[in-house]
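Enquirer: Sequence first, predicted coordinates after that:
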Amino acid sequence: APCLVAGWILVASLAKIVFQLSRKVTSVVPESCLLILLGLGLGGIVLAIAKRAEYQLEPSMFFLFLLPPIVLDSGYFMPSRLFFDNLGAILTYAVIGTLWNSFTTGAALWGVKQAGLMDEGVEAGLMDFLLFGSLISAVDPVAVLAVFEEVHINETLFIIVFGESLLNDAVTVVLYKVFNSFVEMGPEHVQATDYLKGVASFFVVSLGGAAVGVLFAFLLALITRFTKRVRIIEPLFVFLLAYMAYLAAEMVSLSSILAVTFCGICCKKYVEANISRKSRTTVKYTMKTLASSSETVIFMFLGISAVDTSKWAWDTALVLGTLLFILLFRAVGVILQTWVLNRFRLTPLDRIDQVVMSYGGLRGAVAFALVILLDGAKVRAKDYFVATTIVVVFFTVLVQGLTIKPLVTWLKVKRSDHHKPTLNEELHEHAFDHILAAVEDVVGHHGYRYWRDKWEQFDKRYLSQLLMRKSAYRLKDEIWDVYCKLNIRDAISFVDQGGHVLSASRLTLPSMPSRTSMSESSVTNLLRESGSGACLDLQVIDTVRSRRDKEDAVMHHVLCGSLYKPRRRYKASYSRHFISPSTQERQDKEIFQQNMKRRLETFKSTKHNVCSAKSKSRLKKDGRKKKKSAANAELPNGKPPRSVTWQQTAAVLVAVDSDDEESDSSETEKEDDEGIVFIARATDKILQGKTASVGSTLP
Amino acid sequence: MGCQSSHPSAIPELEEIMQETGFSQASVVRLYDRFQALDKEQKGSLSKYDLQGIGELAVNPLGDRIINAFFKEGEELADFRSFIRVLARFRPVEEGKSKETGRPEPMNSRLSKLRFAFQLYDQDSDGKISRDEMLQVLQLMVGIQVTDEQLVCIAERTIQEADQDGDGAISFEEFATSVEKLNIEQRMSLRLLK
C-alpha cells in the first residue's frame, strides 16, 4: 500500500510537470481539468488491463489525509483582515446560501420524480432527495481554490467565494448527518423535535468546530513560545497541532474544516512572531507543497474513480435535472442574498460580481466523497446519486473551470493586483484606520472598527503577552515590520547581484572597485523592478550620480568586511554588556575609518538603514539599553571606542531587557537567521568605524 | 447621546447643507442630534474641549489632529456647518455616479477623502508633506518600542518611495499616487453616513 500511494503521487506530480511545460495549454485550461482528464485516462487504462476498477477515491483517505493539508494551507494563509471584513457576506452565503441551495435542489428533484420524469429505478423519497441536495449543493474549497487561483480576480470576490466554500462545511455536515439519520429512521418516524435538534446541532457543530480550532491555535501559539531551543521541530508542531485539531473535531463529529481553518487563522500571528525565520519558511513551503500535492491527487483520483461503472446507474432526468437546478438555484440564491447584503455593505456587490459568484460555485471532491459514504442499503438510489454526482463534479470543474477565465475577461471583472505593500501604503492604511475610528467616535457610532480596536487592545494586553515571546512581543509593530521586510528584501537582492562583483573588488579598499557601470545600473534596475517600488536603502542610489559609485563601493566594503571574519569571532561580540573587540575588529575599524571619513554624510543614512536590517534579523540584543539618538551627539572622545560603539549600536537597536534565556541563545539565533546576518555584522564594523571617526571629528 | 431628536426645521440651513454635503435629511438630523449632544454647554457650537471629551479620541493616535480638522484656522469654535462638512468626507461613495464635469467635486469623492487625509499630515499647509511632518505622524502612530532613529529611517524611506520629483517632500499628487492601490472608498467611509 505505501508503494501504491507513493506511486500515485509520483504519477500525479509528473503529470503536473508535463502540463506546465506547455504554457499555451495551461493558460487556457486550468490544471484541475487536466488532472481530471488524466485521471480518467489512467482509470480507463487500469480498467482495460485489470477488467475492474482498482482504485477509488476512498472517503476515509480523502477526509483523513487529503483534505486537511489543503484546508490548513488556506486557513493559514488567509488574509484575515479581508476575511473578517467580509465575514458578514461570507456567513450569509455559506449558511443561508447552502441551506437554500440544498432545500430547493432536493425539493425540485423530488418534484421531478413526482412528475414521473425519472426512471423507476430511482427509489427515493423526499428525504433522500433532500439528502442528496445537501451534499451536492456545497461549494467545494478545493475546486474553488484550484480554479480561482488561476483566474486572479479581485480579492474581495475571491475571499467571499472561498470563505463561503470553507464555512459551508458546517452546514453540509449538519445537513448530511441530519438527513442521513432521517433517511435511516424512515420518513414516517421523523418528528418535529428532530427538526429542532437538527437546527440546534448546526450551531453546536459550527461553533464547536470553530472553538476547537481556536483552542488548538492557542495551544500551538503557547508551545511555540517555548521552542527556542528546539528550533528544528518547530514546523512539526504547527502541522501536528493543526492536524490534531482536525482529528479532534472529527472525533466529536464537529466540523473539522472549520476547526482547521480557524486554527490556521488564529495561530498565524503568534506563531509567525515566535518561530525563527527558517522555520517560517519551512512551514510556508511545506504547507504549500502538501496542499498542492493533495489537490493533485484528489483531482486525479476523481478522474480515476469515475471510470468504475459498476457503481453507476444512469438516469438522464436525474442528472440533467440536478445540473440545471444547481446552476439555477445558485444564481437565484446569490441574487437574493446580494440584494439583502447590499443594504448593509459598504461596497456593494454589483451584477458582475454576482455572476462570478454564482458561476464560481464549484462542486468537487467533498461532494463525491460524501456520496460514496452513503449507505447503499438505506439509500437505495445511491448508485444513481453517485453517477449524478460524478457528472456534476466533472461538469463544474471542467466546463465551469474552463470557461471561467474567458468569462472573467469578457465581463471585465476587477482583477487583483498582487503587490507587496509598500511602506507608504502600510503607513497610510494605518492612518486611515485611525482617522476613521476617530470619526466614528465623533459621530458616536460603534462600528465594526470599534470592536476591532477593542479586540486589538485586548490582544495586545493579554494574548500577545501570553503567547508571544518577550522579544517578539516587544518588537511587534506592523509598520516597522514592513519596513524591515522591505529592507531585507532589498538587501538580499542587492547582495545577489553584488556577490560576484564583490570578489573582484574585495581588496581594493580605498579605491573604486573595478566594476562596470553596467552591472551597477543593472543592480539599480533590478531593485527598482523588484516590485517593492522603493529604492534601495543601502545606498541612496538615486541621488547624485557621482556619489553612486562611492556608495556602491562602501556597500561592497560592507560585504567585504563580513567575509573577513569567521563566525566565531562574532559570537563573542554579542555578549551581554560589553564586547571584547578582538584585534581583528580593531584592524577592520581602521580600514574603514578612511572610507567613513570621506563618506560621512551619505553614509549616515545608510548606516541607519543597514543597521535596521540587522536589528530585525536579530531580534534579541542582550542587555542593550534603549538610548535616544542623542547618544549619537554626545560621543565623548574620552570613552573607550568599543563601549561607545555599542552604545551607538544600541541606539539603533531595539531594547530588550536582558533575559537570561537570551544570552546563550544568541548563538543559536545566529545559526538560524543566517541569511542576512552577514550584512548585519558588517554594520557593526561600519558603526565602529563611524563612531570612531565621528568621535574624532567632533569638536 | 441625545435621546430627543430634533425637528428638521430646527436645523439652520438644512437645504444648503443637504445640497452641499449630499447627506439625506435623516442623516443630517441624526448628526445634528449628535452635535447637540456633544455641545455640552448648549452654546450652539463646539469647542475643542467638547471634542476632547470623547473618551475614545484620547486613545487615538491621530485624535488631536482630527479634532483640529474640524476647526478652521485659528478659530476656537466650530458651528454645525463646519462639523458636518468634515463628516461629509466620510460619506460612502455612490456607485455608478457619472462624472459630471460641470459640477464641483463632491465632498465624498476619493480625491476629497485623500485631500482630507493629506491635510492631516500637512500641518503647516504648505501643500507638501516634509520629512519632519512625516516623522511627526510616524511618532504619533508607531509604538514606543521603536526608537527615534528607526523612525527617522522609516520616514526617510517613506518619502523616498513616494517622492517622484525628488524634492524631498510629498506633494498631494505624489501622495495620491502612492496610495492609489488602496481601497480608499472603503477605508474612509462610514456606512452610517449614507
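Expert: Now that the structure is in, tell me what you want to look at. Note that this is a predicted model, so its numbers are computed, not measured.

Enquirer: Output the below-cut-off pLDDT ranges for chain B.
Expert: Counting by pLDDT under 70, the ranges of chain B that qualify are B:1-6, B:59, B:94-108, B:143-146, B:191-194.

Enquirer: no wait, the stretch 301-450 of chain A
Expert: A:308-311, A:346, A:413-421, A:444-450.

Enquirer: now the helices for it?
Expert: For the stretch 301-450 of chain A, the helices defined by DSSP state H, counting those that start in this stretch occupy A:316-341, A:351-359, A:365-373, A:382-394, A:401-411, A:423-443, A:448-458.

Enquirer: got a markdown table for those, with mean neighbour count and distance to residue A:145 too?
Expert: Where you see a C-beta, it was placed from the backbone N, CA and C, and this is true even at glycine. Shown next, in a markdown table, are the helices of the stretch 301-450 of chain A (neighbours: other Cβ atoms under 10 Å in any protein chain shown; distance: least, Cβ to Cβ, whole Å):
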| stretch | mean neighbour count | distance to residue A:145 |
| --- | --- | --- |
| helix A:316-341 | 18 | 18 |
| helix A:351-359 | 19 | 15 |
| helix A:365-373 | 24 | 11 |
| helix A:382-394 | 22 | 15 |
| helix A:401-411 | 16 | 11 |
| helix A:423-443 | 23 | 26 |
| helix A:448-458 | 14 | 27 |
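
Enquirer: Quick one: closest of those to residue A:213.
Expert: helix A:448-458 (17.1 Å; Cβ to Cβ).

Enquirer: That closest one - contacts with which helices or strands?
Expert: helix A:423-443 (3 or more Cβ pairs under 8 Å, 6 or more residues apart in numbering or on different chains; DSSP states H and E).

Enquirer: can you pull the contacts of the closest residue to residue A:306 other than its chain neighbours?
Expert: Using Cβ to Cβ, 6 or more residues apart in numbering or on different chains and skipping the chain neighbours, the partner closest in space to residue A:306 is residue A:390 (5.0 Å). Contacts of residue A:390 were listed using Cβ atoms under 8 Å, 6 or more residues apart in numbering or on different chains, and they are A:305-306, A:312, A:368.

Enquirer: Save these as CSV, and put in distance to residue A:149 too.
Expert: Converted to CSV, the contacts of residue A:390 look like this (distance: Cβ to Cβ, whole Å):
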residue, distance to residue A:149
A:305, 23
A:306, 23
A:312, 31
A:368, 20
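
Enquirer: Looking at those residues, spot the one nearest chain B.
Expert: residue A:368 (37.5 Å; Cβ to the nearest Cβ).

Enquirer: Looks like the closest one contacts residue A:302 (just checking).
Expert: Yes. Contact criterion Cβ atoms under 8 Å: residue A:368 and residue A:302 qualify, at 6.3 Å.

Enquirer: Next, the residue positioned nearest the centre of chain B: secondary structure please.
Expert: By Cα atoms, centre = their mean, chain B has its centre lying nearest to residue B:116, at 4.8 Å. Under DSSP: H, G, I helix; E, B strand; the rest coil, residue B:116 falls in the helix class.

Enquirer: Surely it touches residue B:69?
Expert: Yes. In this structure, residue B:116 is within contact of residue B:69 by Cβ under 8 Å, at 7.2 Å.

Enquirer: which neighbours do those two share?
Expert: residue B:86.

Enquirer: ok, now how distant is residue A:334 from chain B?
Expert: Distance check for residue A:334 against chain B: by Cβ to the nearest Cβ, to the nearest Å, it reads 18 Å.

Enquirer: again with residue A:422
Expert: From residue A:422 to chain B the distance is 6 Å (Cβ to the nearest Cβ).

Enquirer: Show me what from the stretch 251-400 of chain A comes close to chain B.
Expert: A:344-348, A:350 (Cβ under 8 Å from any Cβ of the partner chain).

Enquirer: can you give me the strands for chain B?
Expert: Per DSSP state E, chain B carries strands over the ranges B:46-47, B:77-78, B:128-129, B:170-171.

Enquirer: anything in the third one sitting right up against chain A?
Expert: I take that to be strand B:128-129. No. Shown here: strand B:128-129 not in contact with chain A (Cβ under 8 Å from any Cβ), separated by at least 10.7 Å.

Enquirer: can you list contacts of that strand?
Expert: Against strand B:128-129 from outside (Cβ under 8 Å, 6+ apart): B:118, B:121-122, B:159, B:167, B:169-171, B:175.

Enquirer: who wins for most neighbours among the residues you listed?
Expert: residue B:170 (28 neighbours; other Cβ atoms under 10 Å in any protein chain shown).

Enquirer: looking at it, that residue is touching residue B:161, isn't it?
Expert: No. The pair residue B:170 / residue B:161 is not scored as a contact, 9.3 Å apart, by Cβ under 8 Å.

Enquirer: Common neighbours of the two, please.
Expert: Joint contacts of residue B:170 and residue B:161 (Cβ under 8 Å, 6+ apart) are residue B:178.

Enquirer: gap between residue A:72 and residue B:43?
Expert: 60 Å (Cβ to Cβ, to the nearest Å).

Enquirer: mind listing the helices for chain B?
Expert: B:14-21, B:25-38, B:48-52, B:55-58, B:63-70, B:80-88, B:110-121, B:131-141, B:148-162, B:172-178, B:184-187 (DSSP state H).

Enquirer: The stretch 101-250 of chain A now?
Expert: A:126-136, A:141-149, A:155-185, A:192-225, A:234-251.

Enquirer: Out of the ones you listed, which gets nearest to residue A:79?
Expert: helix A:155-185 (6.9 Å).

Enquirer: closest to residue B:73 among the residues of the stretch 251-400 of chain A next to chain B?
Expert: Nearest member of these to residue B:73, counting by Cβ to Cβ, is residue A:346, at 32.1 Å.

Enquirer: and residue 157, how many neighbours?
Expert: I'll assume chain A. There are 24 residues near residue A:157, going by other Cβ under 10 Å.

Enquirer: I was after chain B.
Expert: Neighbour tally, residue B:157, other Cβ under 10 Å: 25.

Enquirer: I'd say it and residue A:486 touch.
Expert: Yes. With contact defined as Cβ under 8 Å, residue B:157 reaches residue A:486; the gap is 7.5 Å.

Enquirer: before we move on, the earlier item: can you put the residues of the stretch 251-400 of chain A next to chain B in a markdown table and add neighbour count and distance to residue B:73?
Expert: Output for these, formatted as a markdown table (neighbours: other Cβ atoms under 10 Å in any protein chain shown; distance: Cβ to Cβ, whole Å):
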| residue | neighbour count | distance to residue B:73 |
| --- | --- | --- |
| A:344 | 11 | 39 |
| A:345 | 17 | 37 |
| A:346 | 17 | 32 |
| A:347 | 18 | 34 |
| A:348 | 16 | 38 |
| A:350 | 13 | 41 |
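
Enquirer: Out of these, which comes closest to residue B:136?
Expert: residue A:346 (30.2 Å).

Enquirer: re earlier: with residue A:360 as the reference, measure out to the residue nearest to residue A:306.
Expert: 20 Å.

Enquirer: Minimum distance to chain B, which residue of the stretch 1-150 of chain A gives it?
Expert: Counting by Cβ to the nearest Cβ, the stretch 1-150 of chain A gets nearest chain B through residue A:85, at 8.2 Å.
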